[in-house]
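Novice: output the structure for:
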Amino acid sequence: MLYAWGTAVAGWGILLALLAGTTPLPFPLLAIFALLAVVTEWLMVPLPRGGFQSAGLAVASAALLIVGPVYTALVMAIGVIAGNGLLHRRPYLNTIFNSGQYILSLLLAGGVFIVVDRQATSLQAPLFSGRIDVTFWAAFLGAILTYIVASSLFVSGMVSRRGAAPFVAVFRANIAWELVNNLAFATLGLVLALIYVRSLPLGAVILTVPLMLVGYILMLYTTREQAHRELEIVERIGRAAMTLNLEELYAALYQEISRVMSADAFYIASYEPEAERLTFEYLIDSGQRFPRQPYDHGMAMGEILKRRTPVLINRTPEDMDKPDRFERVGREERRSASLMFVPVVKGEQTIGLVSVQSYTFFAYLERDLRLLEAIAGQAASAIENARLFDASRRNVERLTTLQRLSTAIAGTLEMETLVPAIVEGAQQALGVDRAAIYLGDVQGGLADLYAHGFPAEYVPTMRRVLRGPLAALPFDISKAQVIEDLQAHTGMQALRASLYGPGADAIGQMEGPPRTIAMLPLLYRGEQIGVLAFFHNRVRPYDADDVLLAQSIANQAAIAVKNATLFAQAQRRAAEVDLLNRLMSTLTGTLNLEELFRRIVEEVAATFGYSHVSIHRREGEYLLLQAQVGYTRVHDRIHITKGVIGRVARTGKSILVADVSREREYISADPTIQAEAAVPILGDEHVIGVLNIEARADRTLSQTDLTLLETLARQLSIALRNATLYEEAKQARDELSVLYEAAKAISSSLEVESVLDNLVQVPCRAFGYEYGAILLTDDRSGDLIVEATYGSPPGTHGYRIPSGKGITGWVQRTGKAENVADVRQDVRYIGVNDRIGSEIAVPLISEGRVIGVFNVESPRKAAFGPRDMSILTTLAGYATIAIHNARLFEQTKQLAITDGLTELFNHRYLHEAMERALERCTRDGQPLALIMLEIDNFKRYNDTYGHQRGDEVLRTVADLLRKGSRTSDLEARYGGDEFMIVLPNTPKETAYDVAERLRRAVEAYPFFLGESLVPSVTLSVGVAASPEDGQTVDALVDAVDRAQYTAKRSGGNKVQVAHVFH
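Specialist: Below you'll find the model as predicted:
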């Protein structure tokens, strides 16, 4: 466009400038030349390589001589605009360009004439000076040749810029024709001009006849050559059409068309009238070949195909800014400026469309459209023949494929090998990349899935999301469905999101980038058993033959699937019979419930491939886990109001849950579980247990599995009842045995500590209790103190629970046993061990008073039942008697070693304790200290106040010594008014400090004997320590006695060590 406008602006600019200084011509003369120019420019023929040849030079050559180059350029420009542009309806850009190039070429010709013939002086004046000589003839010939060459150069540049052919090729092809034709017309104009100026006689007009004939013949010959060239193109395409290879035919069409016109974009599309669908079979844009692809044509293209009429569109620059009626293909970022569309018609049927497009404005003329129409007509038969041949070849290939596929899958009875065989056959025939078989229906959802070419997680994921009835589908899956471009199908994307839910994105990644999906019903004897889906990674349109072949493959697959399913069912029934035989053997071979349950779950899991199997026995309001396979986290105890198995226990009805994520009552034990089936185990028309299986997404549970479980449950009910009776008898025996062992252990000792340990250890071990404890009531504070434990962490012994606090405190206060299934839900619970889940506490009652609590705990919730309560209540009775007897024994034993007056240890026990303490300190390398104390002048108190008051002094002094001593020390009455204190692991210096503190405490204490305050009671104290004062008890007693005597002899009320203090 820039080239055309540049040429026009340059020509008209120069012309207008020259006209400004030119003498006006008489209007009649100017009008005659303008009219002749219009007529001669209207008479034109096309040139072989683009452009046109007219008779205008006859007028131009005459005008140069008569009116001069300036007015010649003006009238010829008017002739081109009117005769060539308006009358032939040329694009305005061509008209503007032709006027400009005419002006420039004629002005150049005039300039050459002036240079050669010096008689001609100006472009504004006529070139003929009135004489005819050699110079005139040379000037005229030079001017004409200059015009011809200049015009041909301008036109060749325009044609080459449109992309039809290279500049040099256009120029070389056209120049010869232009020279011959234009020289003839120029000579004609010369003769007429010379006659007009009377340089030749009027009779010389006869010379114009042969010149006109020569010019006319040459124009006809030029037209013939152009037609001959177009016929050659059509003929070559006809020869190419003899091939049955469509690809070669399309390539030949593109090459031939490119030789005669601009073909920036070119395509041949096949058309299916029934589907109103175009498919680009051969598409080239800017030299780039694009793959075969479907095209969703709009209304404009549809109208062309419907009317079967060729269309030529030459857009203006203004049109390029308007919306495009034709959707772009190929390089979509560019728009074509010139377009031709020609329907390919065979008989009465449109079978395709040929389009040639250019990015250059006004690149095509009507003759180009007629040529393209002839080419399309020639190609129509070839395309139809090739398509028929290709269809026949494909039919043969499809029959061969079906035969091979039928042979391959005929003997296949396993789905895992069937699907790859189907994919292999479909890949050869239809280019399938992946395939999947979905068994089931819309109402029941996906029953099973087998796939080939997908990631391993695809099958379990699909089995998980496609559970239960499917949403209403926008198509009928009982008929073949093909979605050619899934990414462009917004409705399908929405459907996938509806079907797959939150897993849509994950499934989309697993399926990869499928562009085309073919879904084919699997029909067996009129019944649909599923869907076979073919996946293509690229857009792959299916024609009617492809759909027929795909459905034939699906029919073959349906037979194979049905056979494989029947074979699997037969295998399963055989396995069921075998399992029932093995279970009957197991049921009759053991009465051990634990062994029975374990073998059942293992056999069921191993035989049918169930990943999770469990048996639960009902006890009261709870289901207790008896045995399981596959679980890493288990629920040992489930209330019958909870979970799917709880509902089975309540209702006595079997339940199949296809998707546990949609089941509100489901209790999860494994996040990978997808489905669950549970059946009741009945005994005397009551639910005594539940048999339960669960499966991950890679295993589908069906009604068949539920039926199998119900069969097993019926057999289990008989065995379970027999085993339960046996277990109850065995438990009763065990309980009696434990009670006997407990009674024997209790009676084997009268030591309180030993009795309490036996009471808690024996039943906990026998009945498998994890934690146990006996707590006794402190008579002074009323608190409960932990006296004996089993399984409890260190530090529990001696733990004190305030009176009435906690569950044990509540039992102590009320005197009633308590069984707490979940201590975390009981506000009374005082947590000592964070692992505790349930607790049972039984009061120990003696003579109507609660003396303690027998407590048992478990980390499991609801771990205890009525049987445990009965056992512990019986043991509590034994424990109460044993504790009472042990306490009586303890009291008797305490009286034997205690001084009756002061309640300190007596002299006999003192010597035994000193022997043990000295032996221990000597073994550990530690000192042992003794403190001997005697009341000064004690006889005076007896004589003055009486022996009863003297006894009060002894008791008071003994109490002060007990309170002032350390907890590790031992205080005893040595005899009369003498006391002894044993200090283990104590050096003499520390013993001295203790003795001095006791002496001062007694001295400062106010003694009231009756109503009289007596003078201060004082002590004489001796201190001795091993090993320096002796290494035996006798030696130490002797040393401390001497030290005490020395203190007494020194006046009393002092502390004396056994030797010099270092």
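Novice: residues contacting stretch 277-291, please?
Specialist: For stretch 277-291, the surrounding residues in contact (CB atoms under 8 Å, 6 or more residues apart in numbering) are 246-247, 250-251, 253-254, 263-272, 292-297, 301, 305, 329-331, 334, 352-353, 538, 541. Using the backbone N, CA and C atoms, a C-beta is placed for each residue, glycine as well.
Novice: what is the neighbour count of the closest residue to residue 42 other than its chain neighbours?
Specialist: Spatial nearest neighbour of residue 42, chain neighbours left out: residue 83 (3.8 Å); criterion: CB to CB, 6 or more residues apart in numbering. By the criterion of other CB atoms under 10 Å, residue 83 has 24 neighbours.
Novice: and the one 10 residues further on, by the same measure?
Specialist: For residue 93, the tally of surrounding residues (other CB under 10 Å) stands at 21.
Novice: ok, back up a step: check contacts around the residue nearest to residue 42.
Specialist: Here residue 83 is in contact with 37-42, 54, 56 (CB under 8 Å, 6+ apart).
Novice: looking at those, which are in helices?
Specialist: 37-42, 56 (DSSP state H).
Novice: from these, which is closest to residue 901?
Specialist: residue 41 (159.0 Å; CB to CB).
Novice: pretty sure that closest one is touching residue 60, no?
Specialist: No: using CB atoms under 8 Å as the test, residue 41 is too far from residue 60 to be in contact (9.9 Å).
Novice: next SSE downstream of the helix or strand of the chain with the lowest mean pLDDT?
Specialist: Evaluated with mean pLDDT, DSSP states H and E, the helix-and-strand set of the chain has its lowest mean pLDDT in helix 208-240, which scores a mean of 54. With elements assigned by DSSP states H and E, the helix or strand that comes after helix 208-240 is helix 246-260.
Novice: for that following helix, list the C-alpha coordinates in PDB.
Specialist: Presented in PDB, the C-alpha positions along helix 246-260 are these (Å, rounded to 0.1, in the frame of the first residue of the first chain):
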ATOM      1  CA  LEU A 246      -4.500 -36.900  -0.800                       C
ATOM      2  CA  GLU A 247      -1.400 -35.400   0.800                       C
ATOM      3  CA  GLU A 248       0.500 -35.300  -2.500                       C
ATOM      4  CA  LEU A 249      -2.600 -33.800  -4.200                       C
ATOM      5  CA  TYR A 250      -2.900 -31.000  -1.600                       C
ATOM      6  CA  ALA A 251       0.800 -30.200  -1.900                       C
ATOM      7  CA  ALA A 252       0.600 -30.000  -5.700                       C
ATOM      8  CA  LEU A 253      -2.400 -27.700  -5.500                       C
ATOM      9  CA  TYR A 254      -0.500 -25.400  -3.200                       C
ATOM     10  CA  GLN A 255       2.600 -25.300  -5.400                       C
ATOM     11  CA  GLU A 256       0.700 -24.600  -8.600                       C
ATOM     12  CA  ILE A 257      -1.500 -21.800  -7.100                       C
ATOM     13  CA  SER A 258       1.600 -20.200  -5.500                       C
ATOM     14  CA  ARG A 259       3.100 -19.900  -9.000                       C
ATOM     15  CA  VAL A 260       0.300 -17.600 -10.300                       C
END
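Novice: and it, what does it pack onto?
Specialist: helix 208-240, strand 265-272, strand 277-285, helix 366-410 (3 or more CB pairs under 8 Å, 6 or more residues apart in numbering; DSSP states H and E).
Novice: quick one: which of residue 41 and residue 60 has more around it?
Specialist: More crowded of residue 41 and residue 60, by other CB under 10 Å: residue 60, with 31 against 28.
Novice: from residue 929, how far off is the more buried one?
Specialist: Using CB to CB, to the nearest Å, residue 60 is found at 151 Å from residue 929.
Novice: next one: residue 806
Specialist: 43 Å.
Novice: ok, the two, which is more surrounded?
Specialist: residue 929 (28 against 23).
Novice: I'd like the average pLDDT over stretch 962-976.
Specialist: Regarding stretch 962-976, the rounded mean pLDDT is 88.
Novice: begin at 444 from here
Specialist: Right, with 444 as the first residue, what we last looked at is stretch 1405-1419.
Novice: can you tell me the SS state at residue 1473?
Specialist: coil (DSSP: H, G, I helix; E, B strand; the rest coil).
Novice: phi and psi next, for it.
Specialist: phi 150, psi 150 (degrees, to the nearest 10).
Novice: verify the stated contact: it with residue 1482.
Specialist: Yes: judged on CB under 8 Å, residue 1473 makes contact with residue 1482 at a distance of 5.3 Å.
Novice: which neighbours do these two have in common?
Specialist: residue 1467.
Novice: who has more neighbours out of the two?
Specialist: Set residue 1473 next to residue 1482 and count neighbours by other CB under 10 Å: residue 1482 wins out with 23 against 20.
Novice: what's the pLDDT at that one?
Specialist: pLDDT, read off for residue 1482, is 93.
Novice: what's near enough to touch it?
Specialist: 1467, 1472-1473, 1501-1502 are the contacts of residue 1482 under CB under 8 Å, 6+ apart.
Novice: out of those, who has the most neighbours?
Specialist: Using other CB under 10 Å as the neighbour test, the contacts of residue 1482 are led by residue 1467, with 28 neighbours.
Novice: alright, I will stop here.
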